[in-house]
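A.B. asks: Sequence and predicted model, in that order:
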Amino acid sequence: MPFFAGEIFVSEVYKKPVLDPTGEEIGKLRDIIVGMGEPFPAVTAIVVTGEHTYVLPWDGINLFNRRVISVTTVAKNLNPSSIASTDILICRDLLDKQIVDINGAKLVRVNDLELSDVKGRLCLVAADIGLRGLLRRLGLEKRGEKLFALFHRNLQHKLIAWHYVQTIEPKLNRLTLTVSRQKVASLHPADLAQIISEVSQKERTAIFGSLDVDTAAEALHELEPQVQADIIDDMSKERASDILERMPPDEAADVLGDLPEKKAQELINLMEKEEAEDVQELLEHEEDSAGGLMTTEYLAFPPDMTVEEAVRELRLEAPNVETIYYLYILDGQEHVLGVISLKNLILASPQTRLEEIMTTPVKTLPLDAERKDVAELISKYNLLAAPVVDENLAMRGIVTVDDVVDFLLPPASRKKRRKL
C-alpha cells in the first residue's frame, strides 16, 4: 500500500519529480486520476511525463507526499502508456473550473484541490476556492500570510468539502455524490436558476439533467426565456412534457409561450389531457390580461359542505395546488357565491356549513381585465388573490398577488409570453 501522510494539496505535488526505487527520475507528476470512491473519489493512478508519458496505477506507488513521490517499478521496466478518454484527471478537469458551492448557492472557481486519507485510500476531499489556494498555486502562500499579518489579518482557508460540491461538467457526473445531488435539489429555485444562467449551454444541460422532475419544474420558470428554450431543446420531448406537467399551469404557459409555436404545440400534445387543457386555455388569453395572468389551480367547494368536510378535502387537494390563500364557494354553474380565508376556516366550528362563514360579495375580475385594473383591485381590497370569471360569471381561475408583483417589475426583468 502506498505510504502517504496527512492532507496534500494538488499544487504541492504538481510537477514534482517521480522516482523509481533506485532514485532515478522517471519524469514529473502531471496529473492525478480519480475514480469512484465511498464516500469520496479515490485516486486510482498518477500521470507522469518525462521522455515518455506513463499512467502508473495507485497500487504501484511506494511513497506519495510533499517531499517524495516514488514508485515500486524500476524506470527501465516501465512501458509508456496513454490516458483513457474516460479517465478523470483532477488537474485537467477540475482545476480552474467552475463548480457549484451548494452551501453558498453560487458558482465558484477551483483554485486548488485537497487530497486526504479516507479509509486507507487517498481521496479527493475538498476544493479550495479561496485566495490562499490561488497563492499556493503560485508559490506565494507564505508571502501572502506575511502580507496579511502586516494588517493584523489572517489569510483564510476557504475549502468546500466534497459533500457540498456539485460538478457542472457532464463528464464529471460520476464524481458527484448522491448527497450533493440531493442538496442541489434543495436549493431555492431562484438560486438554482441563477447558477444555471451563469454556465455554458453544455453545463446547463448537465445540471438540469441531474435534477429530479419536481426540482427541474421549479427551476425552469425562474430562467430567462432563451435559456428555457435552449434547455428544452437539449432534453427529450418526453422529459420536457413531464416537467411542464409538474409546473403550475400559468408557469407552464409562460414557458410554452416563449417557444416556437410548432415546438410548443408538440409538447402540449404529449402532456396529460387535463394539464394540457389548462395550459392551452391560458395561452388563448392575452398575456397582460387577467386571463393571461391567472392560474387555473384553486380550491372551490359547495356552500352546503361543512368545515370538517372542507378541511378533510383540503388536505387531499393541497399537494396539487401551488398556492392556497382562500377557498371559493361556488354554485352548480361555478358562479362565485363567497370566499373563505384559511384563518376563518380553521377558527370555525367543524359542523358549520361553509355558506355560514363565507364572505360576500366577492370582488372578481373579467378575463379581459387589463393588468392595471388587476393590480388596482388587489391593492385596493388588500387581497392575496382575486377570482377571474368569464362572460357567464363562471369562475375560470385566480390571479395571485405574486403575479401582480411579477408584471410590476421593470420590463427587462419580466418574461414575455407569446400567444399561441
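C.D. replies: Alright, I've got the coordinates.

A.B. asks: Grab the most central residue of the chain for me.
C.D. replies: The chain has residue 192 as the residue nearest its centroid, 3.7 Å off, counting by C-alpha atoms, centre = their mean.

A.B. asks: Run through the strands of the stretch 301-420 of the chain in chain order.
C.D. replies: Assigned by DSSP state E, counting those that start in this stretch, the strands in the stretch 301-420 of the chain fall at 326-330, 336-341, 365-366, 385-389, 395-400.

A.B. asks: Which one of those strands lies nearest to residue 253?
C.D. replies: If you check each of the strands of the stretch 301-420 of the chain against residue 253 by C-beta to C-beta, strand 395-400 wins as the nearest, at 11.0 Å. Where you see a C-beta, it was placed from the backbone N, CA and C, and this is true even at glycine.

A.B. asks: List of residues touching the closest one?
C.D. replies: Under the criterion C-beta atoms under 8 Å, 6 or more residues apart in numbering, residues 281-282, 290-291, 293-298, 300, 323, 325, 328, 330, 334-336, 364-365, 367, 374, 378, 384-390 lie in contact with strand 395-400.

A.B. asks: Using the three-state scheme, assign residue 207.
C.D. replies: Secondary structure, DSSP: H, G, I helix; E, B strand; the rest coil: residue 207 is helix.

A.B. asks: hmm, back to that, including mean neighbour count and distance to residue 16, could the strands of the stretch 301-420 of the chain go into a markdown table?
C.D. replies: Compiled in a markdown table, these are given as follows (neighbours: other C-beta atoms under 10 Å; distance: least, C-beta to C-beta, whole Å):
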| stretch | mean neighbour count | distance to residue 16 |
| --- | --- | --- |
| strand 326-330 | 22 | 68 |
| strand 336-341 | 19 | 69 |
| strand 365-366 | 20 | 71 |
| strand 385-389 | 24 | 65 |
| strand 395-400 | 25 | 61 |
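
A.B. asks: With respect to residue 307, which of the ones you listed lies nearest?
C.D. replies: Go through these one by one with C-beta to C-beta and the one that ends up closest to residue 307 is strand 336-341, at 8.9 Å.

A.B. asks: tell me the mean pLDDT for the closest one?
C.D. replies: Taken as a whole, strand 336-341 has an average pLDDT of 96.

A.B. asks: okay, the angle between that strand and strand 385-389?
C.D. replies: Orientation of strand 336-341 against strand 385-389 (axes from the mean of the first three to the mean of the last three C-alpha atoms, to 10 degrees) gives an angle of 160 degrees.

A.B. asks: Only C-alpha atoms, please: export strand 336-341 in CSV.
C.D. replies: Output of strand 336-341 as CSV, limited to C-alpha atoms (Å, rounded to 0.1, in the frame of the first residue of the first chain):
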residue,chain,number,x,y,z
VAL,A,336,-68.8,32.6,-7.1
LEU,A,337,-71.1,32.8,-4.0
GLY,A,338,-68.5,33.6,-1.4
VAL,A,339,-64.9,33.3,-0.2
ILE,A,340,-63.3,32.0,3.0
SER,A,341,-59.8,32.7,4.3
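
A.B. asks: And for residue 118, the neighbour number?
C.D. replies: As a burial measure, the neighbour count of residue 118 was computed by other C-beta atoms under 10 Å and equals 17.

A.B. asks: roughly how far apart are the nearest residue in space to it that is not next to it in sequence and residue 16?
C.D. replies: Nearest non-adjacent residue to residue 118, counting by C-beta to C-beta, 6 or more residues apart in numbering: residue 40, 5.3 Å away. Between residue 40 and residue 16 the distance, using C-beta to C-beta, to the nearest Å, works out to 22 Å.

A.B. asks: swap in residue 238?
C.D. replies: Shown here: residue 238 relative to residue 16, a distance of 50 Å by C-beta to C-beta.

A.B. asks: Look at the two and report which has more neighbours.
C.D. replies: Between residue 238 and residue 16, residue 16 has the larger neighbour count (other C-beta under 10 Å), namely 15 against 10.

A.B. asks: OK, contacts around that one?
C.D. replies: By C-beta under 8 Å, 6+ apart, the neighbours of residue 16 are 28, 29, 66, 69.

A.B. asks: Quick check on those: which are buried?
C.D. replies: For the contacts of residue 16, a burial check counting by 16 or more other C-beta atoms under 10 Å picks out 29, 69.

A.B. asks: pLDDT wise, what is residue 179 at?
C.D. replies: The score at residue 179 is 43. That number is its pLDDT.

A.B. asks: May I have the beta-bridge partners of residue 50?
C.D. replies: residue 27 (DSSP bridges).

A.B. asks: how near is it to residue 139?
C.D. replies: Using C-beta to C-beta, we find residue 50 at a distance of 22 Å from residue 139.

A.B. asks: and if you look at residue 292?
C.D. replies: Between residue 292 and residue 139 the computed distance is 60 Å (C-beta to C-beta).

A.B. asks: Looking at these two now, which is surrounded by more residues?
C.D. replies: Set side by side, residue 292 and residue 139 give different neighbour counts by other C-beta under 10 Å, the larger being at residue 292 (24 against 9).

A.B. asks: what's the helix or strand for that one?
C.D. replies: helix 290-293 (DSSP states H and E).

A.B. asks: Please put the alpha-carbon coordinates of that helix into CSV.
C.D. replies: What follows is the C-alpha trace of helix 290-293 in CSV, where atoms were taken according to Å, rounded to 0.1, in the frame of the first residue of the first chain:
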residue,chain,number,x,y,z
ALA,A,290,-56.4,38.7,-16.1
GLY,A,291,-56.9,35.6,-18.2
GLY,A,292,-53.3,35.5,-19.2
LEU,A,293,-52.1,36.2,-15.7
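
A.B. asks: Quick one: mean pLDDT for it?
C.D. replies: What helix 290-293 shows for mean pLDDT is 88.

A.B. asks: now swap in stretch 219-236 and tell me
C.D. replies: Mean predicted confidence for stretch 219-236 is 83.

A.B. asks: And it, what's buried?
C.D. replies: 219, 220, 221, 222, 223, 225, 227, 228, 229, 231, 232, 235.

A.B. asks: what do you get for stretch 346-361?
C.D. replies: Counting neighbours by 16+ other C-beta under 10 Å, one finds that the buried residues in stretch 346-361 are 348, 353, 354, 355, 357, 358.
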